[in-house]
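Chemist: Got a predicted structure here, sequence first:
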Amino acid sequence: MAKEKINKKSGKRVYSVDKYVCKVVKDYCFEGFDLTKPMTIAKKLGIHYHTVEKIINENDGYHIPVYTLSTICFYKGIKLSQFFKEVERLYGSKLDDTFKIDE
């Protein structure tokens with residue numbers, strides 16, 4: 001009789017900083033776009049439409065790669081440093097290493 005492996009996966013960590021980064025992308029970088037048309041946003045900003053959907057729809061944010069942020073900033077005509085200064089200005093007091101476990 002073969003032993004069954006018990007696979008206890010712990011939940012995924014969802015960091016609060018992702019939430020605030022996505023909020024700034026959604027509120028400022030997607031400003032002026034129709035949020036019901038992620039394909040249009042994706043084409044204009046040079047990113048995949050699934051990424052746009054995640055940014056718009058995930059309540060706790062999405063762990064967005066720096067490369068994707070860089071691409072968005074390039075197409076919006078801003079520097080990454082400007083983007084992060086805006087995140088810090090708006091949510092600086094909430095930026096820490098806190099997370100929750102998403103089951």
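Modeler: Yes, it's here.
Chemist: hey, let's count contacts and neighbours off CA atoms from now on
Modeler: Will do.
Chemist: Report the secondary structure element holding Arg89.
Modeler: helix 80-91 (DSSP states H and E).
Chemist: Beyond that helix, next helix or strand please.
Modeler: Downstream of helix 80-91 (by DSSP H and E), the next one is strand 99-102.
Chemist: so what secondary structure elements neighbour that following strand?
Modeler: With contacts defined as 3 or more C-alpha pairs under 8 Å, 6 or more residues apart in numbering; DSSP states H and E, strand 99-102 has these neighbours: strand 12-15.
Chemist: Low-confidence regions, the protein specifically.
Modeler: Within the chain, the ranges that satisfy pLDDT under 70 run 1-10.
Chemist: May I ask you to confirm that Val14 is in contact with Asp60?
Modeler: Yes - using C-alpha atoms under 8 Å, Val14 is in contact with Asp60, at 7.1 Å.
Chemist: The helix holding Arg89 packs against which elements?
Modeler: When contacts are defined as 3+ C-alpha pairs under 8 Å, 6+ apart, helix 80-91 sits against helix 16-24, helix 66-76.
Chemist: how about those in a markdown table, adding mean neighbour count?
Modeler: Formatted as a markdown table, the helices and strands packed on helix 80-91 follow (neighbours: other C-alpha atoms under 10 Å):
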| stretch | mean neighbour count |
| --- | --- |
| helix 16-24 | 21 |
| helix 66-76 | 15 |
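Chemist: could the ones you listed go into CSV alongside distance to Asp96?
Modeler: Putting those into CSV (distance: least, C-alpha to C-alpha, whole Å) gives the following:
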stretch, distance to Asp96
helix 16-24, 7
helix 66-76, 18
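Chemist: which stretch among the ones you listed comes nearest Ile101?
Modeler: In terms of C-alpha to C-alpha, the element of these nearest to Ile101 is helix 16-24, at 11.1 Å.
Chemist: Next, the angle from that closest one to helix 66-76.
Modeler: Here helix 16-24 runs at an angle of 20 degrees relative to helix 66-76 (axes from the mean of the first three to the mean of the last three C-alpha atoms, to 10 degrees).
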